[in-house]
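Chemist: Provided below are the primary sequence and the corresponding predicted coordinates.
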Amino acid sequence: MGRIAGVTAAQTRDRLLRAAADVFAERGYDGTRVADIAAAAGVSNGALYAHFDSKADLLTGALRAHGRRLLADMVAADPGRPVTELLLAIGRSLPHPLDARGYLIVEALVGARRDADVAEQMRCYIGERADLLAGLIRIAQAGAELDPALSPNAVAHFCLLLAMGSTLITPDLHEVGEEEWAALLTRVVAGLAPRTPPHRTDRSNAVRVQIDSQLCQGHGRCYDLAPGLFGEDDDGYGTVRGDGVVPPESAPDARRAVLNCPEHAIQLLEEEA
Amino acid sequence: MTASDFTREFRERRERELDGSRSEIVTGPVSDWATDFSHLEPEWAADPYPIQDELRDRCPIAHTGRFGGAWLPTRYEDVAAIAYDTEHFSSRAIICSNFRPPLELAPVGGSPPISSDPPFHQHARKVLLPAFTKTAITRQEPATRALCNSLIDALEGQEVVDAARDYAQHIPVRVIAAMLGFPPADGPQFRVFVEDVLEGINLPPDERIARISRLFEYLLAQVNDHLANPREDLTTYLLNAELYGQKLDPSHVVGTMALLLIAGIDTTWSAIGASLWHLAENPADLGRLVADPGLLPTAIEEFLRAYAPVTMARLVKEDMQWHGVDMKAEDWILLSFPAANRDPAQFDRADQVVIDREFNRHAAFGLGIHRCVGSHLARMELRVALETWLARFPAFTLADPSAVSWSTGQIRGPRALPLRIT
């Protein structure tokens, strides 16, 4: 594997991805030669091909490492934040201008129209984004923030269209006032809420946690992260404390437990009246 | 059972275990990682991640003719599928080498429950679980903290110390020795046992077997001592434990003791070392954890994801087409939890260490029925080791990056880690 002296393979890869993000964003997929990226990264073509098979590979790699990732960053910064609030915050920021790397996705989507390799890789990439969104939608549905009757995939698709559209219809093409845009989004999100607002104090509509004992293997992430909601039995398997009803202030803990269980053994359920 | 009966039964069974099949030993540089991989080569030990990433894009299941035939899945999805599929993949042997133990060893295996398959597995596992719950492990925490502090006391005043050799290594050794009721002074021998079992994979099988026998002789001596002087520890617990209304077989007792001794040492030593290595290399992360120790448990999960020390092995039960490749009966599978943990299809920013990553379904302790039985112990040791180190040495750096060395084989962690602590 080609290496620059004193530089690890990971550092070379990192350098290549940065260069790829900048060159693709500037020149587009068709206008970029692999040699341009190697030159911008200061490595040989041979070293580049030790890390990446193709130009398409570099493009999606750069997108994953340096593309706009608002959602993932916001979830990481505050996992307890209600999903609807998260979606609103992102929606409000969509019309803001981006730095050059923010438009990498446009170049990638254009590339996908013309090149089968890029299309194949972009299918995976967009699929990952949609899965992340759909996962959040499911959490919001279990937490009674969004109507469980909605298709998580359809809501995810809708959000993706808005996000991708905002990279194409940039503020210099068409402007929208911040407040009027925010007001519209609020109405849209309100329209996705459950038909009857949940009464959290009412036990019949409570959110509950549940462990699937067929799946639980005793990793203990639930009782590590949410000791108020979960305990361990004599063999270390997770147990739900009491009737599993999640008080509103424990909702972030419940979500943390769900999203850190390696076996996907914990569910959030909304109890029907 | 008398000590001599125990020893005789154990030796008889061990004789039968050695009646397995041997494959040709192939060593030397790898020609193509997709078709000739070897996790024993220095390039892999130094930095396996770019190789795994490349294979994940290219294959994603790599093959080698070494070790009599082995496969290396690199995607999370495939690693998880194999971990959950005990129907087609056996745990009869979990260290990939040039020796396959006899088929009759299943479903018990040489070191239950890690080497066991269903339905026996769950019974053997049930024997161990109560001793390794989080609640039970909490009782080891004060002694572990005192140990960490005393190790650090011995380092103070030096400018450069080897954090792998003089700190990380000793923590799991002393803790597991105390739990098993072995003399604390025997610690240095354990390191040799660990090397005998987990490294030296490409030694001639008979030499390898002879080396591993030293471990069993040591364990037999401990059993004899515990039979004569029962006491409150895991060894006495195993000697008295019952399965199907009978005491455990001598081979089961000794095999489980071997598992607890070996599996607990190299792994945790590696995890502590890799975490300290990362912090020495990334002063921003170090500064953040020193300023905000409450973030440490979250950071530890990320270190476990990004530097997962353990790769397990399985044996393919029968010829089959599996996810596009032709697997043959008795092929090894290297079940690379480290590769799964860096799959971008499963983790956002998979190749970056994000110490405040809040959602982290990593597989460092495995997935499915073989979830590491000592995971609560490992997490406690890792947390206490790092808490103590950071409190005493809030600023440290790599003294000599070229002097850092990493273990080869299925357990990966730093074996030399010179840090400047002043």
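Modeler: Happy to help now that I have it.
Chemist: the helices in the stretch 151-300 of chain B, which residues?
Modeler: Under the criterion DSSP state H, counting those that start in this stretch, the stretch 151-300 of chain B contains helices at B:170-180, B:187-198, B:205-228, B:234-240, B:250-281, B:283-291, B:296-306.
Chemist: low pLDDT regions in the stretch 51-200 of chain A?
Modeler: Across the stretch 51-200 of chain A, the ranges flagged by pLDDT under 70 are A:196-200.
Chemist: from it, which residue is nearest to chain B?
Modeler: A:Pro79 (4.1 Å; CB to the nearest CB). No exception for glycine: its C-beta is placed from N, CA and C like everyone else's.
Chemist: thought that residue was touching A:Asp253?
Modeler: No. With contact taken as CB atoms under 8 Å, A:Pro79 and A:Asp253 are classed as non-touching, separated by 9.9 Å.
Chemist: neighbour count for those two, which is higher?
Modeler: Taking A:Pro79 and A:Asp253 together and counting by other CB atoms under 10 Å in any protein chain shown, A:Asp253 has the greater number of neighbours (21 against 18).
Chemist: number of residues surrounding the residue nearest to that one when sequence neighbours are not counted?
Modeler: Nearest-residue entry for A:Asp253: A:Ala226, 3.8 Å, with adjacent residues in sequence omitted and distances by CB to CB, 6 or more residues apart in numbering or on different chains. Around A:Ala226 sit 23 other residues, with neighbours defined as other CB under 10 Å.
Chemist: any idea how far A:Ala226 lies from A:Cys159?
Modeler: Distance, A:Ala226 to A:Cys159, using CB to CB, to the nearest Å: 28 Å.
Chemist: next: A:Ala21.
Modeler: Counting by CB to CB, the separation of A:Ala21 from A:Cys159 is 23 Å.
Chemist: what does A:Arg195 give?
Modeler: Counting by CB to CB, the gap from A:Arg195 to A:Cys159 is 21 Å.
Chemist: the more surrounded of those two?
Modeler: A:Cys159 (21 against 7).
Chemist: so is the helix or strand where that one lies next to chain B?
Modeler: Mapping A:Cys159 onto the secondary structure by DSSP states H and E places it in helix A:152-168. No. No part of helix A:152-168 sits near chain B under the criterion CB under 8 Å from any CB of the partner chain; the closest distance found is 15.6 Å.
Chemist: what residues does whichever helix or strand comes after that helix touch?
Modeler: The helix or strand immediately downstream of helix A:152-168 is helix A:178-191, counting by DSSP H and E. Residues from elsewhere that reach helix A:178-191, judged by CB atoms under 8 Å, 6 or more residues apart in numbering or on different chains: A:Thr84, A:Leu87, A:Leu88, A:Gly91, A:Arg92, A:Pro95.
Chemist: the stretch 101-250 of chain A: strands as residue ranges?
Modeler: Secondary structure of the stretch 101-250 of chain A (DSSP state E, counting those that start in this stretch): strands at A:207-211, A:230-232, A:238-240.
Chemist: quick one: strands adjacent to the second one?
Modeler: When pairing is defined by DSSP bridges, strand A:230-232 lines up against strand A:238-240 (antiparallel).
Chemist: just the mean pLDDT for the partner strand, thanks.
Modeler: Across strand A:238-240, the average pLDDT comes to 97.
Chemist: in it, what's buried?
Modeler: In terms of neighbour count (16 or more other CB atoms under 10 Å in any protein chain shown), strand A:238-240 has its buried residues at A:Gly238, A:Val240.
Chemist: contacts for that strand, please.
Modeler: Around strand A:238-240, the neighbours that count as contacts under CB under 8 Å, 6+ apart are A:209-211, A:216, A:218, A:220, A:222-223, A:229-233, A:265-266.
Chemist: buried subset of those residues as a ChimeraX selection?
Modeler: A single ChimeraX command suffices to select whichever of these are buried according to 16+ other CB under 10 Å:
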select /A:209,211,216,218,220,222,223,229,230,231,232,265,266
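Chemist: closest one to B:Ala62 out of the contacts of strand A:238-240, please.
Modeler: A:Ala265 (30.6 Å; CB to CB).
Chemist: show me what contacts that closest one?
Modeler: Applying CB under 8 Å, 6+ apart, we find A:Ala265 in contact with A:Ile211, A:Asp212, A:Ser213, A:Leu215, A:Cys216, A:Gln217, A:Gly238.
Chemist: how close does it sit to chain B?
Modeler: Plainly put, A:Ala265 is 11 Å away from chain B if you go by CB to the nearest CB, to the nearest Å.
Chemist: what angle do the host helix or strand of B:Arg56 and helix B:296-306 make?
Modeler: Taking DSSP H and E as the definition, one finds B:Arg56 inside helix B:49-58. Here helix B:49-58 points in a direction 60 degrees away from that of helix B:296-306 (axes from the mean of the first three to the mean of the last three CA atoms, to 10 degrees).
Chemist: which strands and helices lie in contact with helix B:49-58?
Modeler: In terms of contacts (3 or more CB pairs under 8 Å, 6 or more residues apart in numbering or on different chains; DSSP states H and E), helix B:49-58 is packed against helix A:9-27, helix A:45-51, helix B:33-36, helix B:337-340.
Chemist: partners of the next helix or strand after that helix in the sheet?
Modeler: Next helix or strand after helix B:49-58 toward the C-terminus (DSSP H and E): strand B:61-64. The strands that strand B:61-64 pairs with in its sheet are strand B:70-73 (antiparallel) (by DSSP bridges).
Chemist: looks like A:Leu225 contacts A:Val258 (just checking).
Modeler: No. At 9.7 Å, A:Leu225 does not count as touching A:Val258 under the criterion of CB under 8 Å.
Chemist: in TSV: the helices of the stretch 151-300 of chain B, plus distance to chain A.
Modeler: TSV is the format used below for those (distance: least, CB to the nearest CB, whole Å):
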stretch	distance to chain A
helix B:170-180	16
helix B:187-198	23
helix B:205-228	24
helix B:234-240	15
helix B:250-281	10
helix B:283-291	14
helix B:296-306	7
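Chemist: any idea which of the ones you listed is most buried?
Modeler: Burial among these, expressed as mean neighbours by mean count of other CB atoms under 10 Å in any protein chain shown, is greatest for helix B:250-281, which shows a mean of 25.
Chemist: ok, which of the helices of the stretch 151-300 of chain B comes nearest A:Ala62?
Modeler: helix B:296-306 (20.7 Å).
Chemist: which residues touch the closest residue to B:Ala274 other than its chain neighbours?
Modeler: By the measure of CB to CB, 6+ apart, the closest residue to B:Ala274 outside its immediate chain neighbours is B:Tyr307, 3.7 Å from it. Residues touching B:Tyr307, when contacts are defined by CB under 8 Å, 6+ apart, comprise B:Ser270, B:Ala271, B:Ala274, B:Ser275, B:His278, B:Pro338, B:Arg412, B:Gly413.
Chemist: now do B:Pro60
Modeler: B:Pro73, B:Thr74, B:Arg75, B:Asp78.
Chemist: and B:Arg145, by the same measure?
Modeler: For B:Arg145, the contacting residues are B:Val384, B:Thr388, by CB under 8 Å, 6+ apart.
Chemist: how is chain A carved up into domains?
Modeler: Dividing chain A into domains by automatic domain parsing, as the record does, gives the ranges A:9-65, A:70-191, A:203-270.
Chemist: the first one close to chain B?
Modeler: Translated: domain A:9-65. Yes. Judged by CB under 8 Å from any CB, domain A:9-65 and chain B are in contact via A:Ala9, A:Ala10, A:Arg13, A:Ala50, A:His51, A:Asp53, A:Asp57, A:Arg64, A:Ala65.
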